[in-house]
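Asker: Let me see the structure of the following:
(chains A and B)
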There are 2 protein chains.
Amino acid sequence: MAQKPSIPKGTRDFSPIEVTKRNYIFDIIKKAFQSFGFQPIETPSFEKSETLLGKYGEEGDRLIFKILNSGEKVRKADLKALEDGNLARFSNSLSEKALRYDLTVPFARYVVQHQNDITFPFKRYQIQPVWRADRPQHGRFQEFFQCDADVVGSTSLWQEVEFVQLYDKVFSELGLEGVTIKINNRKILSGIAEVIGAKDKLIDFTVALDKLDKIGEQGVKDEMLNKGISAEAIEKVQPLFGFSGNLEEKLNQLKGLLSTSKQGMEGISELEFVFEAIQTLGLETATLDLDITLARGLNYYTGAIFEVSAPEGVKMGSIGGGGRYDDLTGIFGLKDVSGVGISFGLDRIYLVLEELGLFPETVSDKVDVLCINFGEKEALASLKLIKTLREAGKSAELYPDNAKMKKQMNYANKREIPFVILIGEDELENNTCIVKNMIDGTQKEVPFDEVLTAF
Amino acid sequence: MAQKPSIPKGTRDFSPIEVTKRNYIFDIIKKAFQSFGFQPIETPSFEKSETLLGKYGEEGDRLIFKILNSGEKVRKADLKALEDGNLARFSNSLSEKALRYDLTVPFARYVVQHQNDITFPFKRYQIQPVWRADRPQHGRFQEFFQCDADVVGSTSLWQEVEFVQLYDKVFSELGLEGVTIKINNRKILSGIAEVIGAKDKLIDFTVALDKLDKIGEQGVKDEMLNKGISAEAIEKVQPLFGFSGNLEEKLNQLKGLLSTSKQGMEGISELEFVFEAIQTLGLETATLDLDITLARGLNYYTGAIFEVSAPEGVKMGSIGGGGRYDDLTGIFGLKDVSGVGISFGLDRIYLVLEELGLFPETVSDKVDVLCINFGEKEALASLKLIKTLREAGKSAELYPDNAKMKKQMNYANKREIPFVILIGEDELENNTCIVKNMIDGTQKEVPFDEVLTAF
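Answerer: I've put the predicted structure just below:
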């Protein structure tokens, strides 16, 4: 093989420093999840096809990676389907398993399968990769991690309050100050749809309204008209074009607008509950805001809808999202289990921390100390010293070969190792070692048993 | 869907306590890897088929999970191959990617692909799942984690010394005392093959010799004869049947036996180097032993061969293994890069720790504190208290609903939560809370701002 090997498009290798930085984020998220009482579960990378197919819509089904049956089983290929051009049926005849597409459906499956062993309400978190056969493009990957926390088995709005606190906690711990936690409620959206008398146009409506800042009131109205929303309907929600002020003011405007909609008023009262609790409890660094254009997977959510945006000035889509869904486990036959959950967008959070220089210097893949190798006896003495260093919590290694000094120092420089220890013939005789600081170039000779004082 | 959903055979869901215990093991291994100067990398779950196929022998190829091409691509199915019964060719016409089968081949691919960015010698560790289409059976899974540490780019025997220390370190940290690190050398095995004049019979020979304890000298000799090893050959290695004593004595017996084999003597001298270094450096809790029947993937290893066995009395196969391979990256066109590495068997280590009761009590998925929910005002006060507890490092949660006291206490009992906090109307008025110890049943009332003193 003359050509260098490569990896499939849309996948990534992670270098040591990348893994280290990703783990730094994961660890902060995990710690926060645990501190809030969430418990970890893990599910298999592949599920039975029947578990996944039909759960994500037609487009979703197409993006699910199917695993080819092994051995003799491929004989069962449905050639008739291939002939007929029914590629989905042909593919399904060759496959019984598929890679998970998200963590939500496997979680629902887990809850139903293990319902007798679970104490409800069940607070679980899950951090695992998912796979999607998306066309690879900038910033979109076929394999990526999801970090989800969900509670099932309670309709209490305290959960929504806790999730706002949880977002605040994680982003504060990451040093990412100034994120906005946007919240909306499906019932408010339903109320708006009622008022404009066009339930099927709701997504067109919110998409257009979301552009208010960019294209102005007239631009938005033109787009709405173009999408077939009537002028009368637009007239009725005129207050939304001047929608502003603090949370209380916004809620008051909404109350006027949705006074005739029972569902709409319910949504407002749910939001008020969350806002008031958060006002009393306070947030560390995040801001909570109402965004009535927030719709994220409208058909999925039934109550609160969350989305987190990066601090102002950072160009990045949402770095987290979630919401309440009233019938998560119904698809697997367990009715009336309400759930609410949030998710962290690891890849984007990574990019934002990188852009803002927020990874602490201590997040490093560097080894603390390298011992230069001057030959067999000296190397053995070095390994003794290394043992002491490791026991004291330092990472340390011996250059494996008795190579030229220059080559060994080069290695230390390239790997940016901050301290180098030299034990040559003389030092060995005197039971000392030379500790060289590679950053400022200074060095000192210390007795073996005082090596820890040299750092 | 009336039937409960399930997962594919050979895969596993991991419950909160299982994930917690697995992470405990992972964390100790990771910390040791880092302390020894190893750097983490991660590679994609699936590789191009050409990267994996042909690297694990015919049997291995059959066990690789292939990913079915998406969308239109399945039209390229090689129906002629299916007709001819060439199922491998048919399958390959439907698939361009495959799930990784181990971490070694992806690592070799990584090294070759990124050779210009890597400083050699490169010490990497990798902890990720792998997939094998093995027939599911007790203790054998289609998805499982591998934990590997390897060094490439140096032939130095100090690496072998470090890997023995690393095994000792990890198992000592896990509290698993008394493991045996068995070591052998491919060159010694070659020497034996030379002496018995039957290179092709080497595996039969070692397999038979390994049974000495069970079936006795005559039994082993009978099996060897049955396998076509000549009586003269067996006569020549007679000393191996009385092979015993400490390491030094064993090595001396081998020296007599292999004195005519240059390779054999080289292997002995390599082992001597490792033994002497370890003798000087000492091991915490493990024992290093020479096992000349150790052969693990004979064709793969070229120098040292390692295997770790659980403490005596625990029935379990090897809980770790590894060795040196002289041409790891040659398969991808980068010649002369020697590597040596070891692996930890997570699933078996888990079972051994469980059997011996070695998971510390602190390894728990329990939340520390539950606040009982007595209504809106009380819940809000509880959440303030919970904030204080979380900041102090405790995990804490509010029961989400204002349910009957009995139901809430039941939840606390089922989840084995050690402390419950009650803030009722009276407590709220007095700015106090009741902290109840769920283990001994005692309880005390403390002011809000002194809650931390109650634990």
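Asker: Neighbours of A:E378, how many?
Answerer: 21 (other Cβ atoms under 10 Å in any protein chain shown). (Each C-beta comes from the backbone N, C-alpha and C, glycine too.)
Asker: let me redo that: A:K73
Answerer: For A:K73, using other Cβ under 10 Å, the count is 15.
Asker: so it, which of the three states?
Answerer: Secondary structure state of A:K73, per DSSP: H, G, I helix; E, B strand; the rest coil, is helix.
Asker: for chain B, what are the nearby residues on the stretch 251-400 of chain A?
Answerer: A:277, A:280-281, A:331-333, A:365, A:367, A:370, A:373, A:379-380, A:383-384, A:387, A:390, A:393-398, A:400 (Cβ under 8 Å from any Cβ of the partner chain).
Asker: In contact with A:L52, which residues?
Answerer: A:64, A:98, A:100-101, A:105 (Cβ atoms under 8 Å, 6 or more residues apart in numbering or on different chains).
Asker: Test for you: state the pLDDT assigned to A:I331.
Answerer: With respect to pLDDT, A:I331 scores 89.
Asker: Ok, A:G297 next?
Answerer: On the pLDDT scale, A:G297 gets 65.
Asker: quick one, helices of the stretch 351-455 of chain A?
Answerer: A:376-391, A:405-414, A:425-430 (DSSP state H, counting those that start in this stretch).
Asker: Figure out which of those is closest to A:V237.
Answerer: For A:V237, the closest of these is helix A:405-414, at 62.5 Å, according to Cβ to Cβ.
Asker: Just checking the closest one against chain B, any contact.
Answerer: Yes: for helix A:405-414 and chain B, the contact criterion (Cβ under 8 Å from any Cβ) is met by A:411, A:414.
Asker: For that helix, buried residues please.
Answerer: A:408-409, A:411-412 (16 or more other Cβ atoms under 10 Å in any protein chain shown).
Asker: Using the record's domain definitions, break chain A down for me.
Answerer: A:16-42+A:103-356, A:369-454 (automatic domain parsing).
Asker: Out of those, which one sits most buried?
Answerer: Mean neighbour count (mean count of other Cβ atoms under 10 Å in any protein chain shown) peaks for domain A:16-42+A:103-356 among the domains of chain A, with a mean of 19.
Asker: contact partners of the helix or strand bottoming out on mean pLDDT in chain A?
Answerer: Sorting the helices and strands of chain A by mean pLDDT, DSSP states H and E puts helix A:202-209 at the bottom, at a mean of 83. Contact with helix A:202-209 is made by A:189-190, A:192-193, A:196, A:198, A:220, A:223-224, A:227-229, A:240, A:292-295, A:298, as judged by Cβ under 8 Å, 6+ apart.
Asker: weakest of the domains of chain A by average pLDDT?
Answerer: Among the domains of chain A, domain A:16-42+A:103-356 scores lowest, at a mean of 92.
Asker: Regarding it, how distant is the last residue from the first?
Answerer: By Cα to Cα, to the nearest Å, the extent of domain A:16-42+A:103-356 from end to end equals 21 Å.
Asker: Which secondary structure element is home to A:I29?
Answerer: helix A:16-35 (DSSP states H and E).
Asker: All good on my end, thank you.
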